[in-house]
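# I'd like to go over a predicted model; first the sequence, then the structure.
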Amino acid sequence: MCKRANKDGRYWIDPNHGCSEDAIEVFCNFTSGGETCIHPDKRTRTGERKHWSKVKGAEWFSEYKNGYEISYKSVGKTQLNFLRLLSERAVQNFTYYCSGSIAWYDKLTKSYGRAIRLQGDNDEIFGYERNRFNIKVLHDGCQNKQDGKAVFQVETEDLNQMPIVDFSPGEMEESSEFGFEVGPICFS
């Protein structure tokens, strides 16, 4: 874990204290008081802004045509579990790029009925209806269905809920487009 007063940067650590072959590369953010941050796998951490075809009955992005779960295979389950055991809290950002879709608040209907939902590693849901106090809206530039972005921050002390592995973009129209970017999960 990133606890020493070193410089911010990339380091190799071994949370399970096993052999060095299963060490993982992390970003240590000492400026923030010693956060250990891991990125989602490169091929699943972003999705370009476009029209994503929704399969009938699909709710989560991973169920969409060409959709996928956000993965952390480069870290491995064992090391991720040890990071959880050695930490007290976790925080992760999720950016949603919108065009013709709502991210959180719908200014037209003055409601949150079409708000995005984020799914954690243990299938826990973060959204307006559930775990609302764990999710902060840092920016919501999608309230009028204009081209923009919304930035969410999920923070929890229940570390089994994290990291973010999927999301439900809410109600989409035929011409709607969206994209996303998942930030690193940071343990402290």
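Ah, there it is.

# Just the mean pLDDT for stretch 24-39, thanks.
Mean per-residue pLDDT for stretch 24-39: 91.

# So what touches it?
With Cβ atoms under 8 Å, 6 or more residues apart in numbering as the contact definition, stretch 24-39 has outside contacts at 1-15, 45, 72, 74-76, 79-80, 83, 87, 91, 163, 183-188. C-beta coordinates here come from the backbone N, C-alpha and C atoms, glycine included.

# Write a ChimeraX command that selects only the buried members of these.
Buried residues within the contacts of stretch 24-39, by 16 or more other Cβ atoms under 10 Å, are selected in ChimeraX with:
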select :1,2,11,13,15,45,72,75,79,80,83,87,91,163,183,184,185,186,187,188
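
# Just the contacts of stretch 24-39: which are in strands?
With strands taken from DSSP state E, the overlap with those comprises Gly9, Arg10, Tyr11, Trp12, Ile13, Val91, Gly183, Pro184, Ile185, Cys186, Phe187.

# State the distance from the fifth one to Ile116.
To Ile116, Ile13 is 32 Å away according to Cβ to Cβ, to the nearest Å.

# what do you get for the last one?
Using Cβ to Cβ, we find Phe187 at a distance of 24 Å from Ile116.

# Need the nearest residue in space to the residue sitting nearest the centre point of the chain, chain neighbours excluded.
Nearest to the geometric centre of the chain sits Ile164, at 4.0 Å (Cα atoms, centre = their mean). Distances taken as Cβ to Cβ, 6 or more residues apart in numbering place Leu118 nearest to Ile164, at 5.2 Å, with adjacent residues excluded.

# and the next element down the chain from the helix or strand hosting the one you found?
Per DSSP states H and E: Leu118 is located in strand 117-120. Of the helices and strands lying after strand 117-120 in sequence (DSSP H and E), the nearest is strand 125-126.

# per-residue confidence averaged over that next one?
93.

# I'd like to know the average pLDDT value across the next helix or strand after that strand.
The first helix or strand that comes after strand 125-126 along the chain, using DSSP H and E, is strand 135-140. For strand 135-140, mean pLDDT is 96.

# quick one: strands adjacent to strand 135-140?
Paired neighbours of strand 135-140 in the sheet (DSSP bridges): strand 148-156 (antiparallel).

# hmm, who's touching the strand it pairs with?
By Cβ under 8 Å, 6+ apart, strand 148-156 touches 89-98, 103-104, 116, 118, 120, 126, 131, 134-142, 162, 164.

# Distance from the chain centre to that strand, please.
The gap between where strand 148-156 is centred and where its chain is centred comes out at 8 Å by Cα atoms, centre = their mean, to the nearest Å.

# ditto for stretch 141-154
Offset of stretch 141-154 from its chain centre (Cα atoms, centre = their mean): 15 Å.

# Also stretch 14-34?
Centroid displacement of stretch 14-34 relative to its chain, using Cα atoms, centre = their mean, is 20 Å.

# Can you pick out the most distant pair from the ones in strands among the contacts of stretch 24-39?
Using Cβ to Cβ, the ones in strands among the contacts of stretch 24-39 span at most 22.2 Å, a distance reached by Trp12 and Val91.
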